[in-house]
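[1] Structure for this input, please:
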Amino acid sequence: IKLETQTFAGIWFSGPSSVRYTVSRFNVLGVERTGEATDGKEDFNVYWTLCCTDNPTTVTVCKDGKVYVGHAFGELVVYEIDRSARSIVSRNKCFPVGKRLILGVECEPDSRPGNMALWLSHTDVRQAKATANSGIISKVSGPTFDVRVDKVTGLPRYKSNHANYQSRFGPDGKMYLGMG
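    So this is what the prediction gives:
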């Protein structure tokens, strides 16, 4: 199955005929900036494969051109890429929310390259018997995203699924959150 998107949230998705797929590995793709979008976010055109990553749950590209990948066990990996050489310049790992299930990464609208802040949507890491209402939206910043401020807590979470997913800032400046 080929999935083309600027962002991806969730470790499962459904296909035709109610077939359920588990995403355990996917390719991190190169990106090419194609211009400024009308909503203030930059448009990116995905066009080449760089490498692969295990247990992904969400991926997004911020204005700094870096690829941010959240993982099932709390890891955030930041890829800096060289578009002309089609190669990875750096791959940095951190655990800004500890051992929690990251289901969404959103770029702070006012962030600038060299001073990025992210909004992470995360919940109890357990896939069965998870803690109810364990969903959190956190703003993380700092060179290694080690400064964490929980902005929203107690979001609904069912014992095995149904959690807070990807958030997006709308043109009105408000954050919108997907729940499922």
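[2] Low-confidence stretches in the chain?
    Where the chain drops to pLDDT under 70, the residues are 1-54, 86, 160.
[3] repeat that for 90
    1-73, 79-91, 103, 112-115, 125-132, 156-171, 177-180 (pLDDT under 90).
[4] What's the local residue count around residue 93?
    Neighbourhood size, residue 93 [other Cβ atoms under 10 Å]: 11. C-beta: built from backbone N, CA, C; applies to glycine.
[5] residue contacts, it?
    Taking Cβ atoms under 8 Å, 6 or more residues apart in numbering as the criterion, residue 93 is in contact with 75, 76, 77, 78.
[6] Return the set of residues that bridge with it.
    Assessed by DSSP bridges, residue 93 has beta-bridge partners residue 77.
[7] same check, this time on residue 123
    Taking DSSP bridges as the rule, residue 123 bridges to residue 101.
[8] which residues sit in contact with it?
    100, 101, 103, 130, 134, 135, 136, 155, 157, 163, 164.
[9] which one is residue 169 nearest to, not counting chain neighbours?
    residue 109 (5.1 Å; Cβ to Cβ, 6 or more residues apart in numbering).
[10] on that earlier part again, spatially, which two of the contacts of residue 93 are the most separated?
    75 and 78 (10.6 Å; Cβ to Cβ).
[11] Return every residue with contacts to both of these two.
    Common neighbours of residue 75 and residue 78 are listed as 93, 94 (criterion: Cβ under 8 Å, 6+ apart).
[12] coming back round to it: for the residue nearest to residue 169, the count of nearby residues, please.
    The number of residues packed near residue 109 is 14, by other Cβ under 10 Å.
[13] Cross-check the contact I'm expecting between it and residue 172.
    No. Residue 109 is beyond contact range of residue 172, at 11.2 Å (criterion: Cβ atoms under 8 Å).
[14] secondary structure element for residue 154?
    Per DSSP states H and E: residue 154 is located in strand 147-155.
[15] Can you list the strands that the helix or strand that comes right after that strand pairs with?
    Counting by DSSP H and E, the element after strand 147-155 in chain order, helix or strand, is strand 164-169. Strand 164-169 has the following sheet partners, assigned by DSSP bridges: strand 175-179 (antiparallel).
[16] Flag every buried residue along the partner strand.
    175, 177 (16 or more other Cβ atoms under 10 Å).
[17] how much does it deviate in direction from strand 147-155?
    Strand 175-179 and strand 147-155 are oriented at 50 degrees to each other (axes from the mean of the first three to the mean of the last three Cα atoms, to 10 degrees).
[18] got TSV for the contacts of residue 93, with distance to residue 60 too?
    Formatted as TSV, the contacts of residue 93 follow (distance: Cβ to Cβ, whole Å):
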residue	distance to residue 60
75	15
76	11
77	12
78	11
